[in-house]
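> Quick one, structure for this:
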Amino acid sequence: MIRIASYARKSVYSDKSDSTQVQYNIGLEYCQSHYEDFEIYRYEDEGFTGANVDRPAFSHLLNDIKDNKLDVVVCYKIDRISRNVSDFSNFFNLLTEHNMEFVSIKEQIDTSTPLGRAMMYICSVFAQMERETTAERVRDGMSDLAKTGKWAGGRAPLGYSRERVQINGKSHTILTEDSKGVQLLNLISDTFLDGSYSLNGLERYFRERSITTLQGSYFSSTQIYNILRNPIYCCADQAAYDYFSGLGCNMAVDRDKFDAKNGIMSYGRTTGGKRKKHTVNPPEKWIISVGLHKPLWSSDKYIAIQSRFGSNKIDKSRKHKIGILKGIVKCSCGWSMRVQHKVDKTYNKTYDNYFCQQRNRKGIEYCDRKFTPVSVLDNAVIEILKQIKLDKSIIDDYVYQDQSIALSCRSRSDVLSDIGRIENKIANLTNALGTSTGSTATKYIINEIESLDRELSGLKYELMEISNVERKRSKSQHDKELKYKLVCDIVDNLETADYDEINGLIKELFKECIYDGHSLHIKI
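Predicted coordinates for the structure are as follows:
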């Protein structure tokens with residue numbers, strides 16, 4: 001049985017394009033002429049644009065594709081899926097990942113044929129070209145903007161406010177000093193330089209003294225880091241030029257332009273946006289120029305702050321292989337627990353503990369979880385795994401339950417019975433329609449057939465859901481056997497495998513590991 005999704009979209013309810021019902025009927029006729037044994041499921045978005053993929057039925061379709069509920073997607077035209085080449089390419093890539101076929105009736109594209117697949121590849125090429133062209137335009141625009149030193153837009157950094165000014169007859173936004181922000185900025189930088197605080201320590205220092213942002217919220221270590229690293233505060237003098245060029249940055253203007261009158265303006269330093277997390281790019285992607293704003297720090301101060309970051313760097317490689325739950329266990333407050341290895345030179349003792357990062361960063365009022373010896377949690381985990389190995393049935397207490405499997409659904413026989421009943425009704429009405437040509441009853445019979453057809457589509461979708469639950473249950477049982485084997489492997493190799501191997505196996509096995517101060521709550 002081939003499972004076919006019929007997707008239809010119409011931009012607005014009153015436009016003159018083919019209705020979703022017409023699109024469905026065309027798709028149904030195509031399926032009847034090309035497939036012998038199939039089930040068709042309707043996905044329709046009425047009143048949604050094709051400029052983006054933020055549509056309810058389309059989202060439902062994507063989820064069903066990811067859950068492997070379908071074999072073929074049929075639509076009237078490609079632009080019903082999307083009018084954006086990149087979005088359509090991403091959609092087709094998803095179909096390819098799940099070994100699905102795509103049919104566009106109007107364009108006569110069928111990816112089950114070599115020509116159809118070639119057409120899809122052409123679409124992918126255009127999508128790539130579009131992305132690369134856009135990226136190139138952004139780079140060129142960024143370089144041109146950098147030469148002017150103008151503010152690229154967005155929220156003003158701490159210590160500045162935005163002001164509209166006229167430059168050569170055109171209106172531009174520049175940054176001007178904000179006295180309250182400058183005081184807070186200097187408090188942050190001076191405390192960092194003078195107090196030998198780490199970023200987490202500085203966050204805790206400000207929180208304990210109720211020092212907040214201008215909006216009244218507490219500073220996070222990430223906010224503090226971004227402030228201290230921002231080149232915008234640095235005076236654009238020749239020492240700054242040498243510093244940034246030494247990092248490998250792209251210098252937009254010559255060295256003699258760095259005359260100590262204005263601040264540094266950086267472009268392309270971060271990537272991200274509303275939908276993606278902001279990340280800092282490597283210095284070779286930065287474009288450094290002289291801005292139109294006044295600096296708030298001397299170059300010496302900015303470079304000294306950056307040097308502090310350099311001296312605070314530590315070797316991230318683990319010297320002490322401790323805590324098989326490292327990177328796995330979380331505190332019940334929701335924060336990850338880390339491992340601390342401490343040496344008491346006075347008494348020549350070592351202490352290995354798990355600790356909650358929230359308590360460490362914010363204090364006991366946010367989490368009262370005490371330091372817990374590594375041996376306590378590690379031994380508790382090992383004991384659980386040993387019990388599971390000895391009694392396989394115990395694994396049911398720890399296996400993660402997929403809620404979609406737990407949902408109750410009707411029996412397959414009941415749904416098939418309803419499908420047969422509806423199909424008989426449609427057949428009877430179709431026969432009645434043939435004998436009532438020209439009668440006023442015709443339109444009522446057609447409306448009833450359409451209503452039953454929608455009900456039939458819903459029943460077929462319910463049948464598909466039942467099949468999906470049955471497959472998930474079968475897979476869940478198979479996965480449970482694999483998990484039990486992995487538990488046995490961990491227990492059998494505890495004495496011979498090294499730390500990294502055991503830690504890696506537990507990461508693979510566990511979906512959840514939470515410590516509430518008394519016991520571990522584990523899901524595998």
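> Extract the C-alpha set from stretch 32-42 and format it as CSV.
Extracted C-alpha coordinates of stretch 32-42, given in CSV (Å, rounded to 0.1, in the frame of the first residue of the first chain):
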residue,chain,number,x,y,z
GLN,A,32,-5.7,6.8,-9.7
SER,A,33,-4.0,6.7,-13.1
HIS,A,34,-0.5,6.0,-11.8
TYR,A,35,-0.9,3.8,-8.7
GLU,A,36,-2.9,0.7,-8.2
ASP,A,37,-2.9,0.2,-4.5
PHE,A,38,-2.6,3.5,-2.5
GLU,A,39,-4.0,5.6,0.3
ILE,A,40,-4.2,9.4,-0.1
TYR,A,41,-4.1,11.9,2.8
ARG,A,42,-5.1,15.6,2.4
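> So which residues make contact with that stretch?
The contact list for stretch 32-42 (CB atoms under 8 Å, 6 or more residues apart in numbering) reads 1-6, 8, 24, 27-28, 31, 64, 70, 74, 454, 457, 460-461, 463-464. C-betas here are computed from N, CA, C, even on glycine.
> Repeat that for stretch 424-434.
442, 445-446, 448-449, 452-453, 456.
> Next: stretch 297-312.
With contact meaning CB under 8 Å, 6+ apart, stretch 297-312 is reached by 189, 192-193, 198, 228-229, 231, 233-235, 237, 239-240, 243.
> Lowest-confidence entry in these?
Lowest pLDDT of the contacts of stretch 297-312: Ser198, 81.
> Could I get the contacts of stretch 424-434 in JSON lines, plus columns for pLDDT, distance to Lys257 and secondary structure?
Converted to JSON lines, the contacts of stretch 424-434 look like this (pLDDT from 0 to 100; distance: CB to CB, whole Å; DSSP: H, G, I helix; E, B strand; the rest coil):
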{"residue": "Thr442", "pLDDT": "83", "distance to Lys257": "82", "secondary structure": "helix"}
{"residue": "Ile445", "pLDDT": "85", "distance to Lys257": "82", "secondary structure": "helix"}
{"residue": "Ile446", "pLDDT": "84", "distance to Lys257": "77", "secondary structure": "helix"}
{"residue": "Glu448", "pLDDT": "89", "distance to Lys257": "79", "secondary structure": "helix"}
{"residue": "Ile449", "pLDDT": "88", "distance to Lys257": "77", "secondary structure": "helix"}
{"residue": "Leu452", "pLDDT": "90", "distance to Lys257": "77", "secondary structure": "helix"}
{"residue": "Asp453", "pLDDT": "88", "distance to Lys257": "72", "secondary structure": "helix"}
{"residue": "Leu456", "pLDDT": "89", "distance to Lys257": "74", "secondary structure": "helix"}
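> my guess is Gly248 contacts Lys285, does it?
No. The criterion here is CB atoms under 8 Å, and Gly248 misses it with Lys285 at 9.2 Å.
> So those two - more neighbours on which side?
Counted by other CB atoms under 10 Å, Gly248 and Lys285 do not tie: Lys285 has more neighbours, with 16 against 11.
> mean confidence for the helix or strand encompassing Lys147?
Secondary structure from DSSP states H and E places Lys147 in helix 114-148. In this model, helix 114-148 has a mean pLDDT of 65.
> just for the stretch 401-524 of the chain, where's the confidence low?
402-408, 437-438 (pLDDT under 70).
> where do the helices sit along it?
For the stretch 401-524 of the chain, the helices defined by DSSP state H, counting those that start in this stretch occupy 403-406, 412-435, 441-492, 499-509.
> can you tell me which two in the contacts of stretch 297-312 are farthest apart?
Largest separation among those by CB to CB: Ser198 and Asp237, giving 29.6 Å.
> Neighbour count for these two, which is higher?
Set side by side, Ser198 and Asp237 show more neighbours around Asp237, with 20 against 13, by other CB under 10 Å.
> Correct me if wrong: that one contacts Ala260.
Yes. The criterion here is CB under 8 Å, and Asp237 meets it with Ala260 at 3.9 Å.
> circling back: what's the ChimeraX syntax to select whichever of the contacts of stretch 32-42 are buried?
To isolate the buried ones among these in ChimeraX, judged by 16 or more other CB atoms under 10 Å, type:
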select :3,4,5,6,8,24,27,28,31,64,70,74,457,460,461,463,464
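> of the contacts of stretch 297-312, closest to Gly154?
Gly154 has its nearest neighbour among the contacts of stretch 297-312 in Pro231, at 15.1 Å by CB to CB.
> How many residues are close by the closest one?
Using other CB under 10 Å, Pro231 has 21 neighbouring residues.
> Contact partners for it?
Per CB under 8 Å, 6+ apart, neighbours of Pro231: 244, 264, 266, 269, 288, 302.
> Identify those among the contacts of stretch 297-312 that sit within helices.
Applying DSSP state H to the contacts of stretch 297-312, the entries found in helices are 189, 192-193, 228-229, 239-240, 243.
> Output the below-cut-off pLDDT ranges for the stretch 251-400 of the chain.
By pLDDT under 70, the weakly predicted segments of the stretch 251-400 of the chain are 272-278, 310-321.
> I'd assumed Ser189 was in contact with Ile224.
No. Assessed by CB under 8 Å, Ile224 is found out of contact with Ser189, at 9.8 Å.
> Mark which of the contacts of stretch 424-434 are buried, thanks.
445, 449, 452-453, 456.
> Phi and psi next, for Ile4.
The phi and psi values for Ile4, taken as degrees, to the nearest 10, are phi -120, psi 130.
> Next, please give the residue ranges for the strands of the stretch 151-300 of the chain.
Assigned by DSSP state E, counting those that start in this stretch, the stretch 151-300 of the chain shows strands spanning 160-167, 170-177, 250-251, 264-267, 270-271, 279-280, 287-290.
> Out of those, flag the one nearest Asn503.
That would be strand 279-280 among these, by CB to CB, at 26.7 Å.
> From the contact counts, what lies against the closest one?
Helices and strands touching strand 279-280, by 3 or more CB pairs under 8 Å, 6 or more residues apart in numbering; DSSP states H and E, are strand 270-271.
> what lines up beside the strand it packs on in the sheet?
Neighbouring strands of strand 270-271 in its sheet, by DSSP bridges, are strand 279-280 (antiparallel).
> now the partner strand, how far from the centre of its chain.
16 Å (CA atoms, centre = their mean, to the nearest Å).
> Show me what that strand is in contact with.
Strand 279-280 is contacted by residues 229, 269-272 when judged by CB under 8 Å, 6+ apart.
> Dump these to TSV, plus neighbour count and distance to His521.
Listed next are these as TSV, based on neighbours: other CB atoms under 10 Å; distance: CB to CB, whole Å:
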residue	neighbour count	distance to His521
Arg229	14	38
Arg269	19	42
Thr270	15	38
Thr271	12	37
Gly272	11	34
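> Show me which of those is closest to Gly420.
Taking CB to CB as the measure, Gly420 sits nearest to Gly272 out of these, at 54.5 Å.
> Return the distance of the closest residue in space to Cys75 that isn't next to it in sequence relative to Leu325.
Using CB to CB, 6 or more residues apart in numbering and skipping the chain neighbours, the partner closest in space to Cys75 is Tyr7 (4.8 Å). Distance from Tyr7 to Leu325, counting by CB to CB, to the nearest Å: 46 Å.
> List the residues that contact Gly50.
Gly50 touches 9, 11, 79-84, counting by CB under 8 Å, 6+ apart.
> Buried among the residues you listed? Need that as a selection in PyMOL.
Of these, the buried ones go into a single PyMOL selection, burial set by 16+ other CB under 10 Å:
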select buried, resi 9+11+79+80+81+82+84
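> Would you format the contacts of Gly50 as a markdown table with pLDDT included?
Output for the contacts of Gly50, formatted as a markdown table (pLDDT from 0 to 100):
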| residue | pLDDT |
| --- | --- |
| Arg9 | 89 |
| Ser11 | 78 |
| Asp79 | 79 |
| Arg80 | 86 |
| Ile81 | 86 |
| Ser82 | 81 |
| Arg83 | 72 |
| Asn84 | 70 |
